[in-house]
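Q: What follows is a protein structure lacking sequence information:
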Ligand code: GLY
């Protein structure tokens, strides 16, 4: 998305953006030295190297996405070739109907690749993947089902808003036009059921598929059913904003502003949230830099949709504040063993997984936010 030139203070200094781009190239070069085409960076090990995961992993598309974003920024064929190799390994996932994450896997890899190359083969992968996601839609609930595991009947998680982009885009680019109304319905139902009156969010809502009624609201990756998981809140900021872009529905813009306001108003001093806004032991709890990066990318887009200049400046300044903090010594991996861009992410705290590590999706949305600048 091309944004108009901004007055000083509403962007990061150009030398800093250039330095971050060069740093990204250095870090991605390190990863490329040992990750094979069927290994996709996900999170860092204690020695700083990436743990590579298979195409089936929910986060498999972000590494290819980082390579495409770097190819875009540099205009270099070398990065595009590396991105294409990593993307190809994900092709089988276009037919995966076992969870909602087909969107994460395919949109960030093939979607970014199609944006850059216009390759018709990538276009057909995107349509097939949208078809796979659409098989998970239920008209009674009005949502695509997120998971097939767990104690729930029809779980829909806040993260799933992100995967609507695949359906919206495909419906508007040669796919089945009914995917547009499925995605729109999902976004509205999620806004209605996941977002609390104060703009905070539940992570999981379980529905009764026979009636469409809500059975339960709570969390899986957050601290408590009544608390607000930071990455879930960030997915909501980005996902509702993106859904507004594809629909022009003012209810979605209003929802995006409500969740964004909660996120920004509850940030600690340095602009990077704790892994849960009500994490135990605050202020001595782990931060989640991935939530900060996702929200910053979302806020930059939200600033372009809000009608009043005061909101446009407010959301953009909030994004800049977060990005400056992520680019500081406190969060940037420069000078540390990590092969990533960002330190201090949290994957799944209650399960004890990936606490205070680098996460590829944090890096992906950090790069996307920089490119949106
Ligand atoms: N979508 C999984 C996560 O955000 O951890």
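A: Nice, I can see it. These numbers were taken from a predicted model, which means no experiment stands behind them.
Q: The nearest residue to residue 354 once chain neighbours are set aside: which element?
A: The shortest distance from residue 354 to any non-neighbouring residue, by C-beta to C-beta, 6 or more residues apart in numbering, is to residue 347 (2.8 Å). In short, each C-beta sits where N, CA and C put it, glycine included. Element membership for residue 347 (DSSP states H and E) is strand 345-348.
Q: rewinding a little: tell me who's in contact with the residue nearest to residue 354.
A: Contacts for residue 347 (C-beta atoms under 8 Å, 6 or more residues apart in numbering) come out as 43, 353-355, 357, 359.
Q: Export the residues you listed as a markdown table, with columns for distance to the ligand, secondary structure and pLDDT.
A: Shown next, in a markdown table, are these (distance: C-beta to the nearest ligand atom, whole Å; DSSP: H, G, I helix; E, B strand; the rest coil; pLDDT from 0 to 100):
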| residue | distance to the ligand | secondary structure | pLDDT |
| --- | --- | --- | --- |
| 43 | 11 | strand | 98 |
| 353 | 10 | strand | 98 |
| 354 | 9 | strand | 98 |
| 355 | 13 | strand | 98 |
| 357 | 12 | strand | 98 |
| 359 | 9 | strand | 98 |
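Q: Nearest to the ligand: which residue in this structure?
A: Proximity of the chain to the ligand (C-beta to the nearest ligand atom) peaks at residue 159, 3.9 Å away.
Q: which one is that residue nearest to, not counting chain neighbours?
A: Using C-beta to C-beta, 6+ apart, the closest residue to residue 159 is residue 235 (4.7 Å).
Q: who touches that neighbour in this structure?
A: Listed by C-beta under 8 Å, 6+ apart, the contact set of residue 235 reads 158-159, 161-162, 294.
Q: Look up how far residue 172 lies from it.
A: For residue 235, the distance to residue 172 equals 22 Å [C-beta to C-beta, to the nearest Å].
Q: And for residue 165?
A: Here the criterion is C-beta to C-beta. By it, residue 165 lies 11 Å from residue 172.
Q: and those two? which has more neighbours close in?
A: More crowded of residue 165 and residue 172, by other C-beta atoms under 10 Å: residue 165, with 22 against 12.
Q: ok, residues contacting the helix or strand where the more buried one lies?
A: Per DSSP H and E, residue 165 falls inside helix 164-171. Residues from elsewhere that reach helix 164-171 (C-beta under 8 Å, 6+ apart): 102-103, 106-107, 111, 126-127, 129-131, 133-134, 144, 176-180, 182-184, 186-187, 239, 242-243, 246-247.
Q: repeat that with 6 Å
A: For helix 164-171, contacts defined as C-beta atoms under 6 Å, 6 or more residues apart in numbering pick out 103, 107, 126-127, 129-130, 133, 177, 179-180, 182-183, 186-187, 242-243, 246.
Q: go on, stretch 99-110?
A: Residues from elsewhere that reach stretch 99-110, judged by C-beta under 6 Å, 6+ apart: 58, 60-62, 64-65, 87, 90, 93-94, 96, 122, 125-126, 129, 132-133, 144, 146-147, 160, 163, 165-166.
Q: So the residue most central in space within the chain, which state does it fall into?
A: The centre of the chain sits closest to residue 294, judged by C-alpha atoms, centre = their mean, with a distance of 5.3 Å. Assigned by DSSP: H, G, I helix; E, B strand; the rest coil, the conformation of residue 294 is helix.
Q: just residue 185 next, same as before
A: Following three-state DSSP, we place residue 185 in the helix state.
Q: what's the neighbour count on the closest residue to it other than its chain neighbours?
A: Spatially, and ignoring its direct neighbours in sequence, residue 185 is nearest to residue 142 (4.3 Å; C-beta to C-beta, 6+ apart). Residue 142 has 21 neighbouring residues, counting by other C-beta under 10 Å.
Q: do the one 4 residues further on as well
A: Number of residues near residue 146 (other C-beta under 10 Å) recorded here: 23.
Q: what's the spatially closest residue to residue 350 that is not a sequence neighbour sitting at in phi/psi?
A: Nearest in space to residue 350, with sequence neighbours left out and distances taken as C-beta to C-beta, 6+ apart, is residue 221 at 6.6 Å. Residue 221 adopts backbone torsions of phi -100, psi -10, taken as degrees, to the nearest 10.
Q: do you know how far residue 221 is from residue 230?
A: Residue 221 is 10 Å from residue 230, where distance means C-beta to C-beta.
Q: Specify which residue of those two has the higher count of neighbours.
A: residue 230 (31 against 22).
Q: The more buried one: what's it in contact with?
A: By C-beta under 6 Å, 6+ apart, the contact set of residue 230 is 273, 275-276, 288, 291.
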